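> give me the fold of what follows.
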Amino acid sequence: MKPYIGVGIAVGALAGVWTQISVELGLITWVAFVAWACFFAAGGNRAGFSKGLAANLSGVIYGWLVALLTSWAQFPGALAIAVALAALAMCLQAGWAPLSFIPGAFAGTAVFFGTQLSFWPSATALVIGAGLGWVSAILGERIQALIGNGPAAPATDEQKRAVETA
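Residues are numbered from 1 along each chain as shown. Below is the predicted model:
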């Protein structure tokens, strides 16, 4: 078996549970999957959680600022200028380590616009998605260990240190 079986089982099970719960509670299902993907893309574990989620939430704020600016400035090109300034800011913020995951900021902005400017529902689902990412990584490692093929995915330096100190 490949070393991704554990994480695949964990992600699959949690994705099904999340989908059912989110639909029943009226939460935005797909937004959590964006944050979940950002968790893994940002490196997983604590770093992926904090960098991915911080960048996602900053992106929601940038989207909100774009919407706010364009509600005040209603001239041709206002949206383009606001988006250009937000994109610049999302790249510049990467100079600060907690916000250094540029794709996460763009994903957060896209989520905000994709939810038709729903700030709190977007932010809530992003937080839940990042949490699901972390839980799926932990469960994936445990499942993989149970089936006897080592870690669920290539271990990060943080994972290696945790195993060595355990």
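> what number of residues lie near Ala54?
22 (other CB atoms under 10 Å). C-beta coordinates here come from the backbone N, C-alpha and C atoms, glycine included.
> tell me which element it is part of?
Per DSSP states H and E: Ala54 is located in helix 45-72.
> for that helix, name the packing helices and strands.
helix 29-41, helix 78-92, helix 102-114, helix 119-147, helix 157-165 (3 or more CB pairs under 8 Å, 6 or more residues apart in numbering; DSSP states H and E).
> quick one: low-confidence parts of the protein?
Where the chain drops to pLDDT under 70, the residues are 1, 149-166.
> what residue of it is the furthest out?
Phe75 (33.6 Å; CA atoms, centre = their mean).
> so who does the most centrally placed residue in the chain touch?
The residue lying closest to the centre of the chain (CA atoms, centre = their mean) is Ala35, at 2.1 Å. Contact analysis of Ala35 by CB atoms under 8 Å, 6 or more residues apart in numbering lists Gly52, Leu53, Asn56, Ala107, Ala125, Leu126, Val127, Ile128, Gly129, Ala130, Leu132, Gly133.
> spatially nearest residue to it (excluding sequence neighbours)?
Nearest non-adjacent residue to Ala35, counting by CB to CB, 6 or more residues apart in numbering: Gly129, 3.0 Å away.
> same question, Val66
Using CB to CB, 6+ apart, the closest residue to Val66 is Ala82 (4.3 Å).
> pretty sure the one you found sits against Ser71.
No - the criterion here is CB atoms under 8 Å, and Ala82 misses it with Ser71 at 10.1 Å.
> could you measure the residue nearest to Ala35 against Ala89, distance?
Using CB to CB, to the nearest Å, Gly129 is found at 23 Å from Ala89.
> so those two - more neighbours on which side?
Each of Gly129 and Ala89 has its neighbours counted (other CB under 10 Å); Gly129 has more, 27 against 15.
> Ala82 and Ser71: which has the busier surroundings?
Ala82 (20 against 9).
> which residues touch that one?
Contacts of Ala82 (CB under 8 Å, 6+ apart): Leu65, Val66, Leu69, Thr70, Ala73.
> please pick the buried ones from those residues.
Taking 16 or more other CB atoms under 10 Å as the criterion, what is buried in the contacts of Ala82 is Leu65, Val66, Leu69, Thr70.
> nearest to Ser100, of those residues?
Leu65 (20.0 Å; CB to CB).
> OK, contacts around that closest one?
Ala82, Ala86.
> for the one 4 residues further on, same thing?
For Leu69, the set of contacting residues under the criterion of CB under 8 Å, 6+ apart consists of Ala78, Ala82.
> give me the distance between the nearest residue to Val31 once chain neighbours are set aside and Phe113.
In this structure, Val31 finds its nearest non-sequential neighbour in Ala125, 3.6 Å apart by CB to CB, 6+ apart. Ala125 sits 14 Å away from Phe113, taking CB to CB as the criterion.
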